[in-house]
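K.L.:
Fold the following for me, if possible:
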Amino acid sequence: MQSQLMSGSPQSVAHRYGQLEANRMPFLERGRRAAELTIPTLLPKAGSTSSSDFPTPFQSVGARGTNNLASKLLLALLPPNAPFFRLSIDEQTAQMIAPKKRGEIEASLAKIERVAMQEIETTAARVPIYEALRSLIVTGNALLFVPPTGGIRVFRLDRFVVKRDAMGNVLEVITKETVARQALPPEAQAVLSEPNSTDQANVDLYTRCVLVKDYWELIQEVEGTAVKGSYAKIAVDRTPFIPLRFIRVDGEDYGRGYVEEYFGDLASLESLTQAIVEGAAAAAKLLFLVRPNGTTKMSALAKAPNGAFVQGSDDDVSVLQLNKQNDFSVAQETSRQITERMAFAFLLNTSVQRDAERVTAEEVRFMAQELESALGGVYSILSQELQAPFIELVMNRLELQGKIPMMPKEAVKPQIITGLEALGRGQDLNKLATFLKFLQPLGADILAREMNIDDYINRLGASLGIETEGLIKSPEQKAMEAQAAQQAQQQQLMQQTMAGMAERAAPQLAQGMMPKQG
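P.N.:
Here you go, the predicted model:
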């Protein structure tokens with residue numbers, strides 16, 4: 001494969017991209033129609049540039065609904081105050097661990113989770129993911145590129161092709177980037193037909209990632225020739241490309257957008273709103289009609305100041321009216337009903353989120369429940385196709401940078417928390433509190449005898465996201481304090497013994513010092 005790509009044969013990346021474009025075309029057309037009714041810049045027409053004029057919809061319900069739904073999905077998928085995943089140990093490994101060590105391991109895993117969330121915050125991953133969510137809602141497809149270093153990129157539907165198997169697993173991804181010649185890296189400029197040219201014309205850079213048995217092959221191509229040094233083999237779980245779908249359809253390589261399901265209502269609302277706006281503009285135009293053979297002169301009316309007296313008859317002058325109130329009322333009532341349906345579909349009316357900097361855990365929990373009930377399987381698809389591979393790549397990046405230790409993949413795996421459990425380890429806190437609540441009637445003596453308090457404290461700190469190191473006494477510190485207390489008790493006991501002996505010996509000494517009488 002590499003030799004074919006290097007030689008620029010018909011099996012080149014550009015040729016393969018053209019083959020897969022035909023399957024993408026119907027999804028691309030539907031996505032562009034949906035973008036015209038919501039946010040046209042999400043998927044512009046072919047040939048559009050930064051200087052192109054985009055159509056402006058007459059109604060804003062589509063744009064408001066898209067932004068609102070994307071914001072709620074972002075807050076539920078990446079909650080700002082808790083990890084959206086938890087590192088869990090498989091049952092076999094858990095049985096091999098001593099019970100007293102389980103709490104320490106949970107605390108260590110919780111610390112790694114906090115490091116991963118800090119990495120997500122410092123790399124500003126929410127911005128590109130929010131952009132990807134908007135594209136998913138409108139067009140149904142988006143592609144995330146998460147490199148080992150640097151920021152995250154988002155490819156819209158007209159910039160990539162994808163091939164999946166019958167189960168929906170990704171087999172091949174090809175991206176197409178149009179960049180300036182001078183913006184290419186030196187390795188890519190070396191394969192250009194005119195590498196020393198100062199022409200600023202754009203060239204197409206193709207990147208292909210294809211699954212071969214148990215690994216991924218990655219290669220880049222410019223002008224039909226592979227870039228030297230770009231060929232690489234990547235592990236199955238380390239591919240930097242994450243193809244996303246909003247609504248999955250069996251047997252299709254691409255997903256369907258949320259807007260596509262409500263395209264009829266949006267198109268009807270667009271037509272009605274346009275008619276109402278244009279009709280209102282026509283009705284707002286003020287025109288006076290004067291009878292041609294009347295006694296009133298138009299010039300006298302036009303030149304007369306306010307409050308002046310003009311010769312004429314009021315029967316000669318009238319105002320042009322449309323008399324379309326009934327027709328407009330029908331259009332307005334229909335548009336109002338459609339707007340209510342769209343507001344319900346895009347969750348514009350149901351939310352308890354406050355306009356504040358910090359959002360409480362209860363609000364995030366309610367929003368996750370709202371999304372789960374309104375969107376159903378869509379929320380689960382995003383958790384499996386977005387959250388799971390994304391956190392895998394973040395963990396891999398932290399391991400390469402040495403910020404977290406290398407963990408055995410077969411023993412420790414990230415578990416995505418979705419739905420009502422969207423607050424990660426925060427649910428462990430509720431379970432621990434409930435567990436202790438049911439044990440309290442047994443009495444403090446039985447709890448002290450039956451429970452391992454150290455392990456409970458470690459798990460409690462991990463659930464709260466608190467670093468317990470330095471806050472909770474270590475076993476060595478407890479042993480030293482116990483030894484010091486024992487020594488102090490022995491020293492006090494010795495002093496009390498010496499004082500008692502001295503008190504008993506005092507009368508005998510006093511009697512021995514008295515003079516004897518004859």
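K.L.:
From the contact counts, what lies against the helix or strand hosting residue 388?
P.N.:
Element membership for residue 388 (DSSP states H and E) is helix 388-401. On a contact count with 3 or more C-beta pairs under 8 Å, 6 or more residues apart in numbering; DSSP states H and E, helix 388-401 meets helix 99-122, strand 241-245, strand 412-416. All C-beta atoms are positioned from the backbone trio N, CA, C, and that covers glycine.
K.L.:
Is the residue most central in space within the chain within a helix or a strand, and which one?
P.N.:
For the chain, the residue nearest the mean C-alpha position is residue 74 (4.0 Å; C-alpha atoms, centre = their mean). Using DSSP H and E, residue 74 sits within helix 61-77.
K.L.:
ok, the next helix or strand after that helix: who's next to it in the sheet?
P.N.:
For helix 61-77, the following helix or strand on the C-terminal side (DSSP H and E) is strand 85-89. If you go by DSSP bridges, strand 85-89 pairs up with strand 412-416 (antiparallel).
K.L.:
any residues touching the strand it pairs with, and which ones?
P.N.:
Strand 412-416 has contacts (C-beta atoms under 8 Å, 6 or more residues apart in numbering) with 84-90, 93, 109, 383-384, 387-388, 391-392, 395.
K.L.:
what does stretch 214-223 give?
P.N.:
So stretch 214-223 is contacted by 1-2, 5, 12-14, 184, 188, 191-193, 203-211, 226-227, 230-236, 238-239 (C-beta under 8 Å, 6+ apart).
K.L.:
Show me which of the residues you listed are buried.
P.N.:
5, 12-14, 184, 188, 191, 203, 205-211, 226-227, 230, 239 (16 or more other C-beta atoms under 10 Å).
K.L.:
And for residue 14, nearest residue in space, chain neighbours not counted?
P.N.:
Distances taken as C-beta to C-beta, 6 or more residues apart in numbering put residue 206 closest to residue 14, at 5.6 Å, once the chain neighbours are dropped.
K.L.:
My guess is the one you found contacts residue 20. True?
P.N.:
No - in this structure, residue 206 is not within contact of residue 20 by C-beta atoms under 8 Å, at 11.5 Å.
K.L.:
shared neighbours of these two, anything?
P.N.:
With contacts defined as C-beta under 8 Å, 6+ apart, the residues shared by residue 206 and residue 20 are residue 174.
K.L.:
What residues does residue 410 make contact with?
P.N.:
Residues counted as contacts of residue 410 (C-beta under 8 Å, 6+ apart) are residue 90.
K.L.:
tell me the domain ranges of this protein?
P.N.:
With automatic domain parsing as the criterion, the domains of the chain are listed as 2-78+125-261, 265-304+312-345.
K.L.:
of all those, which gets the most neighbours per residue?
P.N.:
Per residue and on average, the most neighbours among the domains of the chain fall to domain 2-78+125-261, with a mean of 17 (mean count of other C-beta atoms under 10 Å).
K.L.:
contacting residues for residue 33?
P.N.:
Residue 33 touches residue 263, counting by C-beta under 8 Å, 6+ apart.
K.L.:
Could you name the specific helix or strand carrying it?
P.N.:
Per DSSP H and E: helix 13-37 holds residue 33.
K.L.:
what angle separates that helix from helix 61-77?
P.N.:
Helix 13-37 and helix 61-77 meet at an angle of 120 degrees, taking axes from the mean of the first three to the mean of the last three C-alpha atoms, to 10 degrees as the criterion.
K.L.:
so for helix 13-37, what's the average pLDDT?
P.N.:
Mean per-residue pLDDT for helix 13-37: 94.
K.L.:
One more: stretch 175-188?
P.N.:
The predicted model assigns stretch 175-188 a mean pLDDT of 85.
K.L.:
Name whatever forms a beta bridge with residue 222.
P.N.:
When assigned by DSSP bridges, residue 222 has beta-bridge partners residue 205, residue 225.
K.L.:
Return the distance of it relative to residue 202.
P.N.:
In this view, residue 222 and residue 202 are 11 Å apart by C-beta to C-beta, to the nearest Å.
K.L.:
One more: residue 42?
P.N.:
22 Å.
K.L.:
Could you list the low-confidence segments of the stretch 251-400 of the chain?
P.N.:
Residues of the stretch 251-400 of the chain meeting the criterion pLDDT under 70: 349-379.
K.L.:
Actually, the stretch 51-200 of the chain.
P.N.:
Applying pLDDT under 70 to the stretch 51-200 of the chain flags residues 81, 94, 98-100, 102-103, 194-200.
K.L.:
Could you rerun that using 80?
P.N.:
Low-confidence segments of the stretch 51-200 of the chain, defined by pLDDT under 80: 76, 80-83, 90-104, 106-107, 183, 191, 193-200.
K.L.:
cool, and the stretch 401-518 of the chain?
P.N.:
In the stretch 401-518 of the chain, residues with pLDDT under 80: 408-411, 417-436, 438-439, 444, 446-479, 481, 499-518.
K.L.:
Tell me which stretches of it form helices.
P.N.:
All helices of the stretch 401-518 of the chain, identified by DSSP state H, counting those that start in this stretch, fall at 426-439, 444-450, 453-464, 475-513.
K.L.:
my read: residue 21 touches residue 160, true?
P.N.:
No - assessed by C-beta under 8 Å, residue 21 is found out of contact with residue 160, at 10.4 Å.
K.L.:
any idea how far residue 65 lies from residue 400?
P.N.:
To residue 400, residue 65 is 40 Å away according to C-beta to C-beta.
K.L.:
Now do the same for residue 143: helix, strand or coil?
P.N.:
Using DSSP: H, G, I helix; E, B strand; the rest coil as the criterion, the local structure at residue 143 reads strand.
K.L.:
residue contacts, it?
P.N.:
By C-beta under 8 Å, 6+ apart, the residues touching residue 143 are 154-156, 159-160, 162, 173, 175, 241-244.
K.L.:
Show me what it bridges to in the sheet.
P.N.:
Residue 143 has the following beta-bridge partners by DSSP bridges: residue 155, residue 243.
K.L.:
Could you measure from it over to residue 319?
P.N.:
Distance from residue 143 to residue 319, by C-beta to C-beta: 59 Å.
K.L.:
Out of the contacts of residue 143, the closest to residue 312 would be?
P.N.:
Proximity of those to residue 312 (C-beta to C-beta) peaks at residue 156, which lies at 64.9 Å.
K.L.:
list the contacts for the closest one?
P.N.:
42-43, 135, 139, 142-143.
K.L.:
cutoff 10 Å now
P.N.:
Residues near residue 156 by C-beta atoms under 10 Å, 6 or more residues apart in numbering: 28, 31, 35, 41-44, 131-132, 135, 138-139, 141-143.
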